[in-house]
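A.B. asks: What would the 3D arrangement of this be:
(chains A and B)
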Amino acid sequence: MIDLSIKISGLRLKNPVMVASGTFGYGLEFADFVALSELGAIIVKGTTLEPRQGNPYPRMVETASGMLNAVGLQNKGIDYFIAEIYPNIKDFDTAIIVNVSGAKVEDYIKVAEKLNDLEKIPAIELNISCPNVKQGGMAFGTSCESAAEITGAIRKAYKKTLIVKLSPNVTNITEIAKAVEDAGADSVSLINTLLGMAIDAEKRKPLLSTVTGGLSGPCIKPVALRMVWQVAKAVKIPVIGMGGIMNATDAIEFILAGASAVQVGTANFIDPQVSVKIIDGIKDYMERHEFSSINDIVGNLIY
Amino acid sequence: MKKTIQDLKVLRNKKLTSDFFELELKAAEPLPELYPGQFVQVLIDNVRNVFLRRPFSIHDVNYQQNTFSLLIKLAGPGTRQLSYTEEGDFLNIIYPLGKPFTLDVQGDILLVGGGCGIAPLLFLARYLYDNKNIAPDILIGGKSADNLPDIDKYKAFGRVFLTTEDGSLGMCGLVSDHTLLQKECQKYSMLYACGPEPMLKIIAGIAKEKLIECEVSLENLMACGIGACLCCVVDTVDGNVCTCTEGPVFNVKRLKFS
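C.D. replies: Reported below is the predicted structural model:
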């Protein structure tokens, strides 16, 4: 009997495969393709206090083995989420985690307080790493002081499982991870997208309306693996790994690097069923290697 | 409308012009109901510099045969790879996607297609002819005679008018210059258009000025095609909305075309 279940602080998941914020809508968009109850968790689209229109089109560029996006946290705000979305997703038989973003600490706190009251939301993912907004977002996640400050403030406001999503656009990600751990985070998830850029040489123009955007997809996987490996060694809280996971082997690599769970992101755009295929593939791997619990693989890297 | 992901068999890959080809795809089971204006997302696997699926309008449908076709213009490495597809190959396809053209119409109808924007118009013309007893006027424009793909097919469903930029066939100029749009469009109760954005903007302007209903099909860059990535947005009176789920067909009154 293979046990895929994992624990992140007080949060128990049936398996370690989550779908990443901003790549899976509210789950409803994928209901025609996958049984949502098979997923470890669904992390819904980044939610802010007020509605946001996001950045102007064009917001996306295909790149070698990946893509750049500059969506800019388009969402209808927390009150809309609570009134219109939550009733439709709260009874999914999987953990629904809300990604929380904002421009000011007070905004994050207000959103976290509202989410604290939602019975069927067992955790939030604090987004201090969005590269596509002018204010807030990544600015909070690129210094230890500001990362600790906002994590501490949310820790006071939010009583359930608090995951902090880290930016790779820093000199030393382990210091940020330790800072948010000390400030009360239950877990860290990494990596958010890498700040990138694309240019049309013929037109001499940037390809994104915002000039720069966030790079995702398999092209960032080696960077993500390295950062997960470094952070997992540096902190005691569970690490959730992501960055270019396209298949079960990629997921296993993150778990071997020290991730207790993984998030599948950009791959959902190409194969809406990939998350479930990854769960099956992890089971196959464990059978082949005769592991009975997923926890036996976490960080089980042979040097 | 339930979306599905299937491996569809390529029945035929027909080269139409130097830059257009048509893929006919067959489903193993009965086709879902498909409507003109809807699109599919095609996986192009293991090709250098192609990462995302490619969206294509449904060009024509044959329910008896469980087949539909895609009219594809060579545009880059993805479409080039698809042009190499052989009969008997399988393509992984997500469909049907998007909202169709408004199909509850009557009176005189004009369909306008520019470049690869003609792709959804054959299915639309067939649908209007078969289901609404309407023979629409169909205005098609291209660069020159030799890259207007298979235009005779449209003649079964309505009157066909042509423009070419070099004057090699039909009226010389852009499709939006044609007298049907410039002088005679008042007689139509609906304009349907698909093509490059500058063309759509001109047609939208004409429709707004003459108070004619007008729907355009957009081809914004998209990643997922199912409303998750929020990359393909278009600015509307309701703010940014996904082209893939709220469109690709929009009434021009909803768009903030500048």
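A.B. asks: Would you mind listing what in the stretch 151-258 of chain B touches chain A?
C.D. replies: B:220-224, B:226-235, B:239-240 (Cβ under 8 Å from any Cβ of the partner chain). From N, CA and C alone the C-beta is placed, and that goes for glycine too.
A.B. asks: List only buried entries from the residues you listed.
C.D. replies: B:220-224, B:226-234, B:240 (16 or more other Cβ atoms under 10 Å in any protein chain shown).
A.B. asks: Below-threshold pLDDT in the chain: ranges please.
C.D. replies: Since you didn't name a chain, this refers to chain A. By pLDDT under 70, the weakly predicted segments of chain A are A:134-136.
A.B. asks: not quite, I wanted chain B
C.D. replies: Ranges of chain B meeting pLDDT under 70: B:258.
A.B. asks: okay, now the domains of it?
C.D. replies: According to automatic domain parsing, chain B comprises the domains B:4-97, B:109-217.
A.B. asks: leaving aside the residues next to it on the chain, what's closest to the residue of chain B found nearest chain A?
C.D. replies: Nearest to chain A in chain B, going by Cβ to the nearest Cβ, is residue B:231, at a distance of 3.6 Å. In this structure, residue B:231 finds its nearest non-sequential neighbour in residue A:60, 3.6 Å apart by Cβ to Cβ, 6 or more residues apart in numbering or on different chains.
A.B. asks: Same check on residue A:159?
C.D. replies: residue A:116 is the one closest to residue A:159 (Cβ to Cβ, 6+ apart), at 5.8 Å.
A.B. asks: Phi and psi next, for the one you found.
C.D. replies: Backbone torsions of residue A:116, given as degrees, to the nearest 10, read phi -60, psi -30.
A.B. asks: show me what contacts it?
C.D. replies: Residue A:116 makes contact with A:157, A:158, A:159, A:160, according to Cβ atoms under 8 Å, 6 or more residues apart in numbering or on different chains.
A.B. asks: Can you show me the helices along chain B?
C.D. replies: Under the criterion DSSP state H, chain B contains helices at B:77-83, B:121-131, B:179-182, B:197-210, B:243-246.
A.B. asks: Show me the one of these that comes nearest residue A:153.
C.D. replies: Set against residue A:153 and scored by Cβ to Cβ, the helices of chain B come closest in helix B:243-246, at 35.9 Å.
A.B. asks: Can you tell me which residues in the stretch 101-250 of chain A are near chain B?
C.D. replies: So far as Cβ under 8 Å from any Cβ goes, the stretch 101-250 of chain A lies against chain B at residue A:217.
A.B. asks: For the stretch 101-250 of chain A, just list every one of the helices.
C.D. replies: In the stretch 101-250 of chain A, the segments counted as helices under DSSP state H, counting those that start in this stretch are A:105-116, A:144-157, A:173-182, A:221-234, A:248-256.
A.B. asks: hang on, the earlier thing: is the residue nearest to residue B:231 bridged to anything, and to what?
C.D. replies: residue A:69 (DSSP bridges).
A.B. asks: That one and residue B:222 touch, don't they?
C.D. replies: Yes. Between residue A:60 and residue B:222 there is a contact under Cβ atoms under 8 Å: 7.5 Å.
A.B. asks: intersection of neighbour lists for these two?
C.D. replies: Listed as contacting both residue A:60 and residue B:222 by Cβ under 8 Å, 6+ apart are B:229, B:231, B:232.
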